[in-house]
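sequence-free structure coming up:
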């Protein structure tokens, strides 16, 4: 009998809240981007971005070693703990951990600055950097069990790729219960890179709106617990959603420019539909990559209109609210798909002002919508032409 993979836990840390408050604020259309605050790279303070400004790990956990780890590791730790708490699972029951990221522990920004301008970094920051652990060392704070862990670096598709590896792990029979997702602490280095590409918005992120002017760099983390269905049922787990299809591809086109026809993304979607054994007409909701740049949004809309014969399902981009969390983005958006199938409501694309003829899709402008979601499609794309499409199904 073919195995089935279900989602039994979700942990989220974002600029609009942690797990439960995130979903409430997401549906309310709350915007979590604002003026950047960075004590080391002060030039970043002239930009807008997404930061979790009220996040203090000590407010949630009392373990002594948490003070010695970097920002990214703290976000990951929190997301993992929330996920395990929701699924009622002990960390030692987890067979593997897959984490997607782009910059890794971005508090290394401070180390880079110290290398070139040592006198600018306060002594306390230098001392802390010497103690900071790598992202994957977070697991060592939670267990002494030798759990395999994998770092996935497929740019802004890293979260979806991590989830796809976890899915394969369970479908192959190697594992019953796996954690997977993504993490990205705010990085001033990343912000500067996108500034050099002229990809940053001067104000707010407006995906698919005619007047959109770019993306906003952000931070966050999402961890999902993937579990083999019979294993979950045997322990009476509450099942949130089911992961039924995976589609991965590469543009084979350019390091940071998407294929003008979106051919790679189209292939990923087609492969996901084939893997899930459903027709495109069965998709009820799409979580868009939707970065808010002129080129990316128009290409994504063109792909959807081609695939769905100009009748694309309702779709939205939560990057309009939380910004672009890079390696964590598609994992956070996967969680949105799971919650949409569970609750039959979908979040809006906020900051939307005027429809763009180049983006002729229903992007659920400005207000959440009640919608029966039997199947949700999660899209992501990234530098290097990495594309991923995941299909989540209402569990029944």
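Structure's in. What do you need? These numbers come from a predicted model, not from an experiment. Numbers count the residues shown, from 1 in each chain.

quick one: the helices in the stretch 201-350 of the chain?
Applying DSSP state H, counting those that start in this stretch to the stretch 201-350 of the chain gives helices spanning 229-234, 263-276, 294-307, 319-322, 329-343.

Pull out the buried residues from the last one.
In this case it means helix 329-343. Using 16 or more other CB atoms under 10 Å as the burial criterion, the residues of helix 329-343 that qualify are 329-342. Where C-beta positions appear, they are placed from N, C-alpha and C, glycine not excepted.

what helices or strands is that helix leaning on?
strand 5-14, helix 158-171, strand 177-184, strand 220-228, strand 241-250, strand 285-287, strand 375-382, strand 386-393 (3 or more CB pairs under 8 Å, 6 or more residues apart in numbering; DSSP states H and E).

Tell me which other helices or strands the shortest one touches.
This means strand 285-287. strand 314-316, helix 329-343, strand 375-382.

Looking at the protein, which helix is longest?
helix 71-87 (DSSP state H).

name the helices or strands packed onto that helix?
By 3+ CB pairs under 8 Å, 6+ apart, helix 71-87 packs against strand 5-14, strand 177-184, strand 220-228.

where's that helix relative to the chain centroid, distance-wise?
14 Å (CA atoms, centre = their mean, to the nearest Å).

tell me the mean pLDDT over stretch 235-249?
Stretch 235-249 carries an average pLDDT of 98.

What number of residues are in the vicinity of residue 179?
28 (other CB atoms under 10 Å).

right, and it touches residue 80 too?
Yes - at 6.4 Å, residue 179 and residue 80 qualify as touching, with contact defined as CB atoms under 8 Å.

where do the contact lists of those two overlap?
Here residue 179 and residue 80 have 97, 223 as joint contacts, going by CB atoms under 8 Å, 6 or more residues apart in numbering.

Give the full set of residues in contact with the closest residue to residue 164 other than its chain neighbours.
Once flanking residues are discounted, residue 164 sits nearest to residue 246: 4.6 Å by CB to CB, 6 or more residues apart in numbering. Each residue near residue 246 by CB under 8 Å, 6+ apart is listed here: 164, 167-168, 271-272, 275, 388-391.

Using CSV, please lay out those residues together with distance to residue 227, neighbour count and pLDDT.
Formatted as CSV, the contacts of residue 246 follow (distance: CB to CB, whole Å; neighbours: other CB atoms under 10 Å; pLDDT from 0 to 100):
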residue, distance to residue 227, neighbour count, pLDDT
164, 16, 26, 99
167, 11, 22, 99
168, 14, 15, 98
271, 24, 18, 98
272, 20, 26, 99
275, 19, 18, 98
388, 21, 32, 98
389, 22, 31, 99
390, 16, 30, 99
391, 17, 24, 99
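
of the residues you listed, closest to residue 192?
residue 388 (26.3 Å; CB to CB).

so what's that closest one up against?
154, 157, 160-161, 164, 246-249, 268, 330, 379-381.

Which one (most neighbours) among the residues you listed?
residue 160 (35 neighbours).

That one and residue 392 touch, don't they?
No - applying CB under 8 Å as the test, residue 160 and residue 392 come out as separate, 11.4 Å apart.

Residue 158: what's it in contact with?
100-102, 152, 182, 326-327, 330, 382.

mind checking pLDDT for it?
Residue 158 is assigned 96 on the pLDDT scale.

after the longest helix of the chain comes which helix or strand?
Next helix or strand after helix 71-87 toward the C-terminus (DSSP states H and E): strand 96-100.

Distance-wise, check residue 202 relative to residue 32.
According to CB to CB, to the nearest Å, residue 202 and residue 32 sit 18 Å apart.
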